[in-house]
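Enquirer: Structure for this input, please:
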Amino acid sequence: MDHKTNFITKFRLLIGITLLLTTLFIPLGIVLRGPSRSVASEATGGLVDLQALDTSPQSAQQPQDTYLYYFPMIAKDFCSVWPCLQFSDDFSNSASGWPHETVWGDKEDERKYIIGYYPGKFNLPNKYFMRIAHARHVVASPGLHTPGDYIIEVDMMFCDDAYLASGGLVFGASDNLRQFYMFSLAYNNDDHWCAVRKYDLDGGDSPYLRQPDWYPCGANPEYEVNHLKVERVGTSIKVYLNDNLIWAGTEGSYTGERRVGFIHDKYEIGYTGVYFDDFKLWKVHPDSGSATACSLEEMDLEPLIITWDEGEE
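Expert: Have a look, this model is predicted:
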C-alpha cells in the first residue's frame, strides 16, 4: 500500500510540473486574424493599368479586408536578452497590417501611386511594394505605436527605375504622419546618397540632419538588397546601412511612442518602384514603453498613407 501511495504522489507531482512548464514555455509567436475592419486606404481613382506596370502573366494580388498582427516569439517584457523583438513582418500575407491603396488610372495624368502587395516586374512574392510617378512623395505606416526607445530595420530593393528616386524608413511620426523623421537611400545612375531628414508638413521647417551629398555611404548596387536600420533612444538617433553606422546625432522634436513606416520619393517625371521585406521593431529595454503591436485590443491606429507632390512641401 505504501508503494502504491508513493507512486500516486510521484505521478501527481510529475503532472503538476509538466503543466507548469507548459504554461511558462509555450511559444507566444501567435498570428491572430483580427475582426473584419475597414481598410484605411480604399482604392481610389481609375483602374490599375497592369500592362503599363508589368509584362509578366501574374496578376496583382488583391488586398484583404482583415489584418494580421505578427506577435513576437516572447511575451512583452519577458525577454531574457534585450533588445526584445516586439513586431515583425515578412509580408507573406497581404493582410499583415500595412495599408493598401491604388491611384493609377488609364491616362498618364491619372497615374500617381500603387501601395501594397503587387508582385511587380520581377515577380517577387512576399514583399511590400511602393510604386510612384512624377515627382511625388508617399509615406505608408501600419497601425501601431513604437515603444519610447526602439530599433527598426528592413530590407529594401529598387525594382524599377531608381534614377533620382529614394526609399527608406520613417520613424518618430505623428499619428497623422504630418511630422516625422526619415532615413532614405537614393540613386543617380552610378552614384548614391543617404540622407536623414526631419519633416514638418504643417508649415514648419524640414531640415536635413544628414545632407544628401552625392558620395558613397556603403550601398549595394541599385537593384540589389540594402539593409536599413534606425536606433532611437531618447533624443539620440543612429542610422545604419548594411550594418555600417553612417550617421549619429541628437534631435528631440519627435520622441516617445509614435508611428513608423516606409517612404518612397520620385524627384522628376517617370515611374519608380521599391520593395520592402523583413520589417522588425525591437524594444530597447524593459522600461521604454509598450509597443501596441503586442496586443490586438490596443491597436488603436488605422494603417495610413499620405502623399504630396514635390512642390507642395
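Enquirer: which residue sits closest to residue 138, ignoring its sequence neighbours?
Expert: residue 307 (4.6 Å; C-beta to C-beta, 6 or more residues apart in numbering). The C-beta positions use only the backbone N, C-alpha and C, and glycine is treated the same way.
Enquirer: Please look at residue 223 and residue 157 and confirm they touch.
Expert: Yes - Residue 223 is in contact with residue 157 according to C-beta atoms under 8 Å; the separation is 6.8 Å.
Enquirer: higher neighbour count, these two?
Expert: residue 157 (20 against 12; other C-beta atoms under 10 Å).
Enquirer: surely the more buried one meets residue 274?
Expert: Yes - between residue 157 and residue 274 there is a contact under C-beta under 8 Å: 6.9 Å.
Enquirer: any common contacting residues for those two?
Expert: Residues touching both residue 157 and residue 274 by C-beta atoms under 8 Å, 6 or more residues apart in numbering: none at all.
Enquirer: Which strands and helices lie in contact with the helix or strand hosting the residue nearest to residue 138?
Expert: Taking DSSP states H and E as the definition, one finds residue 307 inside strand 304-309. Judged by 3 or more C-beta pairs under 8 Å, 6 or more residues apart in numbering; DSSP states H and E, the packing partners of strand 304-309 are strand 111-116, strand 136-141.
Enquirer: okay but residue 117 is in contact with residue 96, surely?
Expert: No - with contact defined as C-beta under 8 Å, residue 117 does not count as touching residue 96 (9.1 Å).
Enquirer: And the pLDDT at residue 20?
Expert: With respect to pLDDT, residue 20 scores 53.
Enquirer: no wait, residue 295
Expert: What the model reports for residue 295 is a pLDDT of 40.
Enquirer: Same check on residue 203?
Expert: Model confidence at residue 203, given as pLDDT, is 88.
Enquirer: burial measure for residue 250, as a count.
Expert: 9.
Enquirer: Name the nearest residue to residue 201, sequence neighbours excluded.
Expert: residue 178 (4.6 Å).
Enquirer: next one: residue 200
Expert: Per C-beta to C-beta, 6+ apart, closest to residue 200 is residue 179, 5.2 Å.
Enquirer: For residue 104, give its distance to residue 265.
Expert: Separation of residue 104 from residue 265 (C-beta to C-beta, to the nearest Å) stands at 17 Å.
Enquirer: my bad, residue 126
Expert: Taking C-beta to C-beta, one finds residue 126 at 24 Å from residue 265.
Enquirer: any idea which strand is longest in the chain?
Expert: Secondary structure of the chain per DSSP state E: the longest strand is strand 271-283.
Enquirer: End to end on stretch 261-279, go ahead and measure it.
Expert: Start-to-end span of stretch 261-279 (C-alpha to C-alpha, to the nearest Å) is 10 Å.
Enquirer: got the buried residues for that stretch?
Expert: In terms of neighbour count (16 or more other C-beta atoms under 10 Å), stretch 261-279 has its buried residues at 261-267, 271-279.
Enquirer: For residue 134, state which of those is nearest.
Expert: residue 266 (6.8 Å; C-beta to C-beta).
Enquirer: Among the buried residues of stretch 261-279, which one lies nearest to residue 303?
Expert: The closest of the buried residues of stretch 261-279 to residue 303 turns out to be residue 261 (C-beta to C-beta; 9.1 Å).
Enquirer: how close does residue 146 sit to residue 283?
Expert: On the measure of C-beta to C-beta, residue 146 and residue 283 end up 8 Å apart.
Enquirer: Grab the nearest non-local neighbour of residue 193.
Expert: Sequence neighbours aside, residue 212 is the residue nearest to residue 193 in space, at 4.5 Å (criterion: C-beta to C-beta, 6+ apart).
Enquirer: Does that neighbour touch residue 191 like I think?
Expert: No - using C-beta under 8 Å, residue 212 is not in contact with residue 191; the gap is 10.8 Å.
Enquirer: just the CA coordinates of the strand holding residue 307, formatted as PDB?
Expert: Taking C-alpha atoms only, strand 304-309 is exported to PDB below (Å, rounded to 0.1, in the frame of the first residue of the first chain):
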ATOM      1  CA  LEU A 304      -2.300  55.100 -43.100                       C
ATOM      2  CA  ILE A 305      -0.900  56.600 -46.300                       C
ATOM      3  CA  ILE A 306      -0.100  60.200 -47.000                       C
ATOM      4  CA  THR A 307       1.200  61.600 -50.300                       C
ATOM      5  CA  TRP A 308       2.300  65.000 -51.600                       C
ATOM      6  CA  ASP A 309       3.800  66.500 -54.700                       C
END
